[in-house]
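Participant: My questions concern the predicted model and sequence given below.
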Amino acid sequence: MAEPASIFRLDGVSKKYGALIALEGINLAVDSHEYVSLLGPSGSGKTTLLRVIAGFESPDAGSVHLNGRDVTSLAAHQRGIGFVFQNFALFPHLSVFDNVAFGLANAPNPPSADVINRRVRDSIKLVGLSGLEDRGTEQISGGQKQRVALARTLVTEPGLILLDEPLGALDANLRSRMRNELRHIRQQLGVTFLHVTGSETEALAMGDRIVVLDHGRIAQFDNPDLVYNAPATPNVARFLNRYNIIEGRLKGDRFESAYGTLSFGRKIASEEPAYVIRYDRITPVPAAARTKEPGIPATFVASEYLGSSVMYFFEAEGGKVVEVEHHLSNGAPKTFEPRTPYMLRWKSEDAIVFG
Amino acid sequence: MASASQEDKTEVTARTTKAWWLIAPGVIWMALFLVVPILMIVYVSFWTQTTFKIEPTLTVASWKQFFASDTYLASLWTTVRIWLIVLATTFVIGYPTALFVGLFVKNKTLSTVLLVICVIPFWTSFLIRVLAWRPMLGKEGAINILLQKFGLTSQPIEALLFTDLSVIIGMTQIYCVFMVGPIAFMLGRIDPNIIEAARDLGASFWRIFTKIIFPLSLPGVVVGAIFVSVMVLGEFATSAALSGRKVNLLGNIIVTQVGSLKWALASVVGVILTIIMGLVIAGFLRIVDLKKEL
Amino acid sequence: MESRVLKPVLAVYVALFILFLYGPFIVLAILSFQQGPEGGPQFPIIEWSNYWYRHIFGLTPPSRVAPLPFGQSLIRSLTLAFMTMVTSTVLGVMSAQAFRSKFKGSGVVFYLIVLGMMVPGVLTGLGTALVANNVGIERHWWSTAFVTHVVYTFPFAFLVMLAILNRFDASVEEASWSLGVSPWRTFRKVTFPLIFPGVLSAMLFAFTLSYDEFSRTLFASGRDQTLPLAIYGTFSVEIHPNVFAFGVLTTLFSFSLLAIYAILMTASVRRARKVAIQEDIG
């Protein structure tokens, strides 16, 4: 028996809440042993999508397939899909051990006590919580809670685990450590993770592939490199939080904006026209300097030091804020005079045009 | 029912089906044992009453009998009068207590303890609590003994027991806690910073009370008033025990009529009571939109 | 400024208010120690004695004062209160659970249930008696009186459970389902333990209300009296201090019930506190 290539598949899944469209015609297939990030701003339908896959909500149209089987009408507890919640959702009346043992002990055909005991201890060890088995859920830290939530799910050995902003409730320091651990655990066990996040850095760092959700539709489903360097729509570029987006119209191979005609390197077909340029591809030069490269005039407003780079904020005509990122590996930070006009320049091959 | 919007039809039906299975036993129970009996009262009030029996031949005879009798009309008036007086006394006596418990006591434990003290008497049988007023108010009762001891009166006051007054005193004591509770709850929710700010602006306590505290406690007053009204309007035990059968409320009429198997007339009184109750509750709900407040 | 004056004034007022609440009962308790069997239910105390307490338990020689028919009625009342408590708590939990999904017609159903505590007891009692008479059912404390008791207590249980479930975080249930645990088992193993403090309160409400209820019982029960009916029966005849002694005893009994509740509550609050702490951190 050949294992089906895709562990789960969505066919035309749609979901509305009254007049609000949460999901519209979602088609998605994810391979087994894959780490998929699901990126989208709040309100894009990402949590709804996850809940539909888990079986907490049923879609208005379309079907959900798991291991080649249609599970659309199956209740959540019959699907064999793990779910890790943002607020951990630990059982507050149970100890760490009993939380992890819960799924096995309450299964329709529970394994023997010995087997449960061994598997629970293995699972607790895997997430690095050995020794805390008898603690109550209020006696452990936020990061430890997230590990309990993960161990609780892993011990039931689901083929697919859905994670709903699992790191959202943790502080920045813990978040980056948990990122590595999640990836590591997934590789060890060979399950598929579908990880919902509102953070573009998290999505880029963790996913083998990234699904970008925009207003209930899939805007892009590619590997991180492609998503980052070749966003499929202006909105994807917007969600990545790395691109300045300039409005305008495409006329032949010229892009006409409020700042004049701008030349570009690449064109991506899209319904919505836009001209985008990455923050770190812009070089501010004195207003008087003249070259053939595209650029827009703007005045310097403020800067922000980020450790490995510095962000500069400029204001172009019409109050538009243009962000410029300078990596410190490319030299010392520059100083600009506030309220002074500059010319922001970039190479046309770095610019992408949608239209 | 079938007008569920097309798009989320499956979801809604699945949820509604499950919810209906859960709610069905309760709804059936209330329909059979609450709605049917009340409709039955309305129906029976139009039946024909013979000496010991009623027959389902429709007539307005019992209704005519009620409105033609001075005794019954007097009891209607007594019920409304006693209700209004008790409503006023429970409010006047209860509000300052609620003010203290809900607003002035900053310590959470102390205010809980005070509320528990108010609730403890409910752990004695209602009827025993009513009965306890007899040795209190009687001619040789505790109050008269104390009054004479302190030389406030030379003769025992006989008007204390077996009068309107004793019924009002008894009902006030029994029901005022239902006024204190909801008001104290609403007062406890007032943000102390608002009052502090008003005080900083130089507002007098009276002004703060009329402009801030009282309006914010109004939903509690309405809930308390509904509680008290529902209970007082349906009363018959307190008046039976403390008035020596001199005060006849609509509830007492029902009890006597049922006692002599005059079911049709009892039902007429029941319908009248239901109508009064409906009007009173609807009236109170007009003052404050409870769904918005709670 | 005013509050410095107002607060002590109000404190004194509240003290008087508490005296007003407790005064009659204190007097009643004092008079229950009246001498018997000649001593009446009023002052002065001829001689302190525990005669009337012995009288209740039939430990005094026969006298002109008949013993109160309390033994059987107490057992009936306790049984009825227990039956009512179980039924209305089950109905209350089920209905409140249904209200977690906003189903069609929930507004009407809400008012239908709440109506049960709004309609005066005389009316439900009268109506039930009329229905029973005309359908040809005999009235008993365990049948017709029982259903009207539940009509009265179910709304309280429902409202208590509704308040509890409104604050309940549904994600722990979803977590349980996602671990492959069936909804019914999830309810037993997760939902129920977490809402147990509320269930306990609903039970306490239902038990006390039913135990003390008499205006519904008056019409809806048959010949066999419940405890409140037996006390109500003494209203029309001459009162003796044995009723007072009985009042003191029932109050003590109520307090022991309250103590049991408090002990159970403390145990489950300790558990519930874990939930609160977890939410704080999360």
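Facilitator: Received the coordinates, thanks. Numbering: from 1, shown residues only, chains lettered A, B, ... in the order given.
Participant: Neighbours of the closest residue to chain C within the stretch 1-150 of chain A, how many?
Facilitator: Nearest residue of the stretch 1-150 of chain A to chain C, counting by Cβ to the nearest Cβ: A:Gly103, 3.1 Å away. C-beta coordinates here come from the backbone N, C-alpha and C atoms, glycine included. A total of 26 residues lie near A:Gly103 under the criterion other Cβ atoms under 10 Å in any protein chain shown.
Participant: What of B:Thr78?
Facilitator: Applying other Cβ under 10 Å, we find 20 residues neighbouring B:Thr78.
Participant: near chain B, which residues of the stretch 51-200 of chain A?
Facilitator: Contacts of the stretch 51-200 of chain A with chain B, taken as Cβ under 8 Å from any Cβ of the partner chain, map to A:Glu57, A:Ser58, A:Asp60.
Participant: Tell me the one of those nearest A:Val285?
Facilitator: Relative to A:Val285, the closest of those is A:Glu57; by Cβ to Cβ it sits at 53.0 Å.
Participant: Neighbours of that closest one, how many?
Facilitator: Other residues close to A:Glu57 by other Cβ under 10 Å number 19.
Participant: which element is the residue lying closest to it once chain neighbours are set aside on?
Facilitator: Distances taken as Cβ to Cβ, 6 or more residues apart in numbering or on different chains place A:Arg51 nearest to A:Glu57, at 4.6 Å, with adjacent residues excluded. Per DSSP states H and E: A:Arg51 is located in helix A:46-54.
Participant: Return the residues of the stretch 151-300 of chain A in contact with chain C.
Facilitator: Where proximity means Cβ under 8 Å from any Cβ, the interface of the stretch 151-300 of chain A facing chain C comprises A:Arg152, A:Thr153, A:Thr156, A:Ala169.
Participant: what about the second one, is that helix, strand or coil?
Facilitator: In other words, A:Thr153. Using DSSP: H, G, I helix; E, B strand; the rest coil, the structure places A:Thr153 in helix.
Participant: ditto for the third one
Facilitator: When the structure is split into helix, strand and coil by three-state DSSP, A:Thr156 lands in coil.
Participant: Regarding the spatially closest residue to it that is not a sequence neighbour, what is its secondary structure?
Facilitator: Setting aside the residues directly before and after it, A:Thr156 is nearest to A:Gly103 in space (Cβ to Cβ, 6+ apart), at 4.1 Å. Of the three states, A:Gly103 takes helix under three-state DSSP.
Participant: again with C:Gly222
Facilitator: Applying three-state DSSP: C:Gly222 is coil.
Participant: From what I see, it and C:His140 are in contact.
Facilitator: Yes. Shown here, C:Gly222 and C:His140 form a contact pair, counting by Cβ atoms under 8 Å, at 4.7 Å.
Participant: For whichever residue of chain A sits closest to chain B, grab the count of nearby residues.
Facilitator: Distances between chain A and chain B by Cβ to the nearest Cβ are smallest at A:Lys16, namely 4.6 Å. Counted with other Cβ under 10 Å, the neighbours of A:Lys16 add up to 20.
Participant: can you pull up the bridge partners for it?
Facilitator: A:Ile21 (DSSP bridges).
Participant: so which strand or helix has the most centrally placed residue in chain C?
Facilitator: Taking Cα atoms, centre = their mean, the centroid of chain C lies closest to C:Thr208, which sits 1.2 Å from it. Per DSSP H and E: C:Thr208 is located in helix C:192-212.
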